[in-house]
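Participant: Predicted structure and sequence below. I'll ask about it afterward.
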Amino acid sequence: MTESKLDVNIATQPVAQSYRATAYQLLEGHSKIGIVAKSINIFLIILIISNVIAAIFESESNYHEQYSVEFALFEFISLSIFCGEYFIRLWCCVEAKEYAHLSPNKARLKYILSPIALIDLIAILPFIIAMFFSIDLRSLRLIRVLRLLKLTHYFKGFNIFISVIAKELKSITAAMMVMIFLIVIAASLMHAIEGKIQPETFGSILRSLWWSVVTMTTVGYGDVVPVTPIGKVIATVIMLIGVGLVALPAGMLAARFGEELRERKDNLDSKIKVALTNGYIAQEQYQELALLADKLEIDPEDFQRSIAQLKQVNHHKKCPHCGK
């Protein structure tokens, strides 16, 4: 009896693992599953965008009153799908390579605390809140609009953006701190110069901060302006400083984006060169390189182009032993 139970457990475990692996490949859009995975991903993308559009239109009182039942039904269906997706991802996340060295429970705990899982949790937060508190789910429009963040699952370019931000965080923080210092100094100067003349707008440093931020960022609404000659001179200087200072973080990010893409391309090229040592790329090596290219968010056409170019370069090289 014990042996038969053991046989059943051994037979059931691989089946469960195969289902889990299939579910993981479907949700991650794996190439092995093909069109089915793409169809599921496209459906979820459309559902996310539709939810945001519904939340936008529902904020208009006329639409809300006219289609209240339809909005509520669509929200219930969407939340049900998002809840199912979240728990399926939680179940099959152990199939990810980064969690291969962990036990299933530890892998799932690490996944729950990951940024991408927290975004998924935000998407179903209205449903969880409604389980414990009596509220109108439709009132949580901000959380519903934040479902746009779920698109990070399906557009891998977001990973490059996050990587660039993380690497340039210190530089961007330093630039932002300098900007804050100058904003406070500008507000203090305008309070000292324009405070007595325009007490409603420059009567305190706190009131002057609005003008300082608008001027420093070169937005220039024109709702608050200096009237004294000295105030106008200071405002001109602040505007000129703001033009260069505001553009500084954007320039840092643009330069880092170029470096990041170049580093990823060089990393892939070095792996291709190693694989081409014997003059050809084996099937297993090709699959590994394709996975690496996908992980680095390198376009498949660029990947194929790199292989073709490096093959051509490798073809013209002479053997160090025979000279051929």
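Facilitator: Received, thanks.

Participant: Quick one: low-confidence residue ranges for the stretch 1-150 of the chain.
Facilitator: 1-17, 29-34, 130-131, 134-141 (pLDDT under 70).

Participant: what's the residue nearest to the spatial centre of the chain in contact with, if anything?
Facilitator: Central residue of the chain (CA atoms, centre = their mean): residue 158, 4.0 Å from the mean position. The contact partners of residue 158, taken as CB atoms under 8 Å, 6 or more residues apart in numbering, are 151, 152. From N, CA and C alone the C-beta is placed, and that goes for glycine too.

Participant: what about it, helix or strand, and which?
Facilitator: Following DSSP states H and E, one finds residue 158 within helix 157-167.

Participant: tally of neighbours for residue 64?
Facilitator: Other residues within reach of residue 64, judged by other CB atoms under 10 Å, total 13.

Participant: Which residue comes closest to it once chain neighbours are left out?
Facilitator: Spatial nearest neighbour of residue 64, chain neighbours left out: residue 58 (5.1 Å); criterion: CB to CB, 6 or more residues apart in numbering.

Participant: so how far is residue 147 from the one you found?
Facilitator: As judged by CB to CB, to the nearest Å, residue 58 and residue 147 stand 14 Å apart.

Participant: coming back round to it: next, count neighbours for the residue nearest to residue 64.
Facilitator: By other CB under 10 Å, 21 other residues sit near residue 58.

Participant: Please tell me how far it sits from residue 66.
Facilitator: 10 Å.

Participant: ok, residues contacting stretch 73-82?
Facilitator: Outside stretch 73-82, the residues within contact range by CB under 8 Å, 6+ apart are 44, 47, 50-51, 54, 120, 123-124, 126-127, 137-138, 144, 147, 150.

Participant: ok, and for it, which residues are buried?
Facilitator: Applying a neighbour-count criterion of 16 or more other CB atoms under 10 Å, one finds 74, 75, 78, 79, 82 buried in stretch 73-82.

Participant: Look up phi and psi at the first one.
Facilitator: By that I understand residue 74. phi -60, psi -40 (degrees, to the nearest 10).

Participant: what pLDDT, on average, does the helix or strand that contains residue 182 get?
Facilitator: Secondary structure from DSSP H and E places residue 182 in helix 169-194. Computed over helix 169-194, the mean pLDDT rounds to 90.

Participant: That helix: what's the following helix or strand?
Facilitator: helix 199-202.

Participant: Mind listing residues that contact that following helix?
Facilitator: 190, 191, 193, 194, 195, 207, 208, 211, 224.

Participant: Most neighbours among those, which one is it?
Facilitator: When neighbours are taken as other CB under 10 Å, the top entry among those is residue 190 (28 neighbours).

Participant: Could you find the closest non-adjacent residue to that residue?
Facilitator: That would be residue 208: by CB to CB, 6+ apart, it lies 4.8 Å from residue 190.

Participant: I figured that neighbour was touching residue 192, is that so?
Facilitator: No. Assessed by CB atoms under 8 Å, residue 208 is found out of contact with residue 192, at 9.3 Å.
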